[in-house]
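# Predicted coordinates and the sequence they were generated for:
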Amino acid sequence: MNTSINISDKVKQIEPSKTLAISAKAKKLKAKGKDIIDFSIGEPDFDTPDYIKKGAIEGLERGYTRYTPVAGLDILREEVAKKFTNENNIMSLADNILISPGGKFSIYAALISILNPGDEVLIPAPFWTSYPEMVKLADGKPIIVETSENYGNKINIDLLNKYLTEKTKMLILTNPSNPTGIIYDRSLLEKIAKWACENNIYILSDELYDKLVYGQEHVSIASLNDDVYKRTITINGMSKAYAMTGWRIGFANGPIGIIKKMTSAQSHITSNATSISQYASYIALRDREKNKGILTNMYKQFEKRKNRIVDILDKEKRLTYIKPEGAFYIMINVSSYFGLSHKGKIVEDANSLSEILLDEKYVAITPGEAFGNKNYLRMSYANSIENIEEGLKRILDLLRELK
Ligand code: PLP
């Protein structure tokens, strides 16, 4: 009998999440009692604010325990449309909104609704780890656009033209970016929007971190003009801005025709996002002005941490980093240490450095390969100032011990 597993060619090409591997190892060591400092986590360390938890209880009591419309509760879609209109300057109605189980699914719904087999999707590197795999699952072809430190790790029009082919169908923009923390300013977004319109390219603008922007304005590319709006799907959700990662609520905003198709696709895959989470998200958005203090305090804490990290790293002449402008990540270039060793273990790239850091100093930090660049470590600062200071001390100690 042939017992080999005969799985699909499509799934065979999908890599397991590299970001989860390091946190899984860190969790094991923690369970063994090791004093782990974890900089690999991609979620806010704050608990969901109480007024939102109470909202979930209210939802349960009011009977929000059944299927909802596939595209989401009308009251939530209306609040989300108001959020996009008022906060992102994208004039929206409830019909422009699809509520999904997490921003991740919102992205996937957009990809499967827009791509045909073989369509090319431009993904600027460093990129969020799931995009290339999701594009492959949607039968598209991920094309990694290598950015350079000289241009602030951002795309520009010359670079986009270099990768443009007859098959290019979409550009993924992450603004602010996970993993780099960079932000695209209005003038660069205007150029990208013009390029996309001239070349008939869709834009998937992932703006999950739009509330975490330090000292500058966040501009949504879809807000720039009607032409670019018609070819843009803007993705957002509750995970990062409201500390609601486990509740799994994401949203997509776009022209009604595309949103309808994405809704049909979702109707056959997951149906609606969880009813109780939707109700809690409705309360979270409806009452955000009343609870502004709690929310802005979270955002301010992230900025304080970012400033502390930058202060510490600026004193290290041998390290460079991508200047973080938003989100809660910083990419640190450790390539000047490659070739050195620690207790006989050679630092070949950021992967081996991250392994040595975990084994020797109990610091979990994600190697840049997960995001398309082996020269960097990605540090998440969803962690306390005390842990940030102690963890960075351990990292710098190890770097000094390398021979
Ligand atoms: N987009 C980016 C850039 C992210 O970092 C994440 C989560 O880490 C997501 C999308 C998906 O978030 P969620 O599915 O929790 O809404």
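Alright, I've got the coordinates. Everything numeric in this text was worked out from a predicted model, so none of it was measured.

# Residue numbers of this structure in contact with the ligand?
Contact residues, the chain versus the ligand (Cβ under 6 Å from any ligand atom): 42, 102-104, 128, 174, 178, 206, 208, 237, 239, 245, 250. Just so you know, the C-beta spots here come from the backbone N, C-alpha and C atoms, and that holds for glycine as well.

# Let's see that with 5 Å instead.
Residues of the chain lying near the ligand by Cβ under 5 Å from any ligand atom: 42, 102-104, 128, 178, 206, 208, 237, 239, 250.

# How about the contacts made by the residue in the stretch 251-400 of the chain positioned nearest to the ligand?
The nearest approach of the stretch 251-400 of the chain to the ligand comes at residue 327, 7.6 Å away (Cβ to the nearest ligand atom). Counting by Cβ atoms under 8 Å, 6 or more residues apart in numbering, residue 327 touches 176-178, 181, 209, 212, 240.

# would CSV of these with neighbour count and pLDDT be doable?
Converted to CSV, the contacts of residue 327 look like this (neighbours: other Cβ atoms under 10 Å; pLDDT from 0 to 100):
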residue, neighbour count, pLDDT
176, 26, 97
177, 27, 97
178, 23, 96
181, 27, 97
209, 24, 98
212, 24, 97
240, 25, 97
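
# longest helix anywhere in the protein?
Secondary structure of the chain read by DSSP state H shows that its longest helix is helix 292-314.

# As a check, name the ranges of all strands in the stretch 201-350 of the chain.
With DSSP state E, counting those that start in this stretch applied, the stretch 201-350 of the chain shows strands at 202-206, 232-237, 250-253, 320-321, 329-333, 341-342, 345-346, listed in chain order.

# Any chance of those in a markdown table with mean neighbour count, distance to residue 385 and mean pLDDT as columns?
What follows is these, written out as a markdown table (neighbours: other Cβ atoms under 10 Å; distance: least, Cβ to Cβ, whole Å; pLDDT from 0 to 100):
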| stretch | mean neighbour count | distance to residue 385 | mean pLDDT |
| --- | --- | --- | --- |
| strand 202-206 | 24 | 28 | 98 |
| strand 232-237 | 27 | 27 | 98 |
| strand 250-253 | 27 | 30 | 98 |
| strand 320-321 | 18 | 18 | 94 |
| strand 329-333 | 23 | 14 | 96 |
| strand 341-342 | 18 | 27 | 94 |
| strand 345-346 | 14 | 30 | 94 |
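
# between the ones you listed, which gets nearest to residue 371?
Nearest to residue 371, of all the strands of the stretch 201-350 of the chain, is strand 329-333, at 7.7 Å by Cβ to Cβ.

# quick one: the closest one to chain centroid distance?
Its chain's average C-alpha position is 15 Å from that of strand 329-333, according to Cα atoms, centre = their mean, to the nearest Å.

# Now tell me what touches the lowest-mean-pLDDT helix or strand in the chain from outside.
Evaluated with mean pLDDT, DSSP states H and E, the helix-and-strand set of the chain has its lowest mean pLDDT in helix 18-31, which scores a mean of 86. For helix 18-31, the surrounding residues in contact (Cβ under 8 Å, 6+ apart) are 36, 38, 40-42, 129, 354, 358, 362, 364-367, 369-370.

# Please compute how far stretch 328-343 lies from its chain's middle.
Distance of stretch 328-343 from the chain centroid (Cα atoms, centre = their mean) equals 23 Å.

# ok now do the residue lying closest to residue 227 once chain neighbours are set aside, which residues does it touch?
Spatially, and ignoring its direct neighbours in sequence, residue 227 is nearest to residue 197 (4.8 Å; Cβ to Cβ, 6 or more residues apart in numbering). By Cβ under 8 Å, 6+ apart, the contact list for residue 197 reads 227-228, 231.

# Quick check: which element contains residue 197?
Residue 197 is located in helix 186-198, with elements delineated by DSSP states H and E.

# Residue 122 now?
Assigned by DSSP H and E, residue 122 falls within strand 120-125.

# Sheet-wise, list the partners of that strand with their directions.
When sheet partners are counted by DSSP bridges, strand 120-125 sits next to strand 141-146 (parallel), strand 168-174 (parallel).

# ok, back up a step: from the chain's centre, how far out does the least confident helix or strand of the chain sit?
With Cα atoms, centre = their mean, you get 20 Å for helix 18-31.

# re earlier: so which of the strands paired with strand 120-125 is the most packed in?
Scoring the strands paired with strand 120-125 by mean neighbour count under mean count of other Cβ atoms under 10 Å gives strand 168-174 as the most buried, with a mean of 23.

# contacts for that one?
Contacts to strand 168-174, defined as Cβ under 8 Å, 6+ apart, come from residues 111, 114-116, 119-124, 127-128, 131, 140, 143, 160, 184, 192, 196, 199, 201-206, 221.

# List only buried entries from those.
Among those, those scoring as buried are 111, 114-115, 119-124, 127-128, 131, 140, 143, 160, 184, 192, 196, 201-206, 221 (criterion: 16 or more other Cβ atoms under 10 Å).

# show me what contacts the residue nearest the centre of the chain?
The centroid of the chain falls nearest to residue 178 when counting by Cα atoms, centre = their mean (4.6 Å). Residues in contact with residue 178 (Cβ under 8 Å, 6+ apart) are 42, 128, 208-209, 327, 329.

# can you rerun that using 6 Å?
Contact analysis of residue 178 by Cβ atoms under 6 Å, 6 or more residues apart in numbering lists 128, 327, 329.

# Could you tell me how far it is located from residue 314?
Remark: distance between residue 178 and residue 314 (Cβ to Cβ, to the nearest Å) = 23 Å.

# And for residue 321?
Counting by Cβ to Cβ, the gap from residue 321 to residue 314 is 9 Å.

# ok, now which ones touch the closest residue to residue 286 other than its chain neighbours?
Take residue 286 and drop its neighbours on the chain: the residue closest to it by Cβ to Cβ, 6+ apart is residue 79, 5.6 Å away. Contacts here follow Cβ under 6 Å, 6+ apart; on that basis residue 79 touches 282, 285-286.

# top of those by neighbour count?
Tallying neighbours with other Cβ atoms under 10 Å puts residue 282 at the head of those, with 26 neighbours.

# Verify the stated contact: that residue with residue 75.
Yes. If you go by Cβ atoms under 6 Å, residue 282 and residue 75 touch, sitting 5.1 Å apart.

# Can you check the distance spanned by stretch 323-338, start to finish?
Length of stretch 323-338, first residue to last, Cα to Cα, to the nearest Å: 22 Å.
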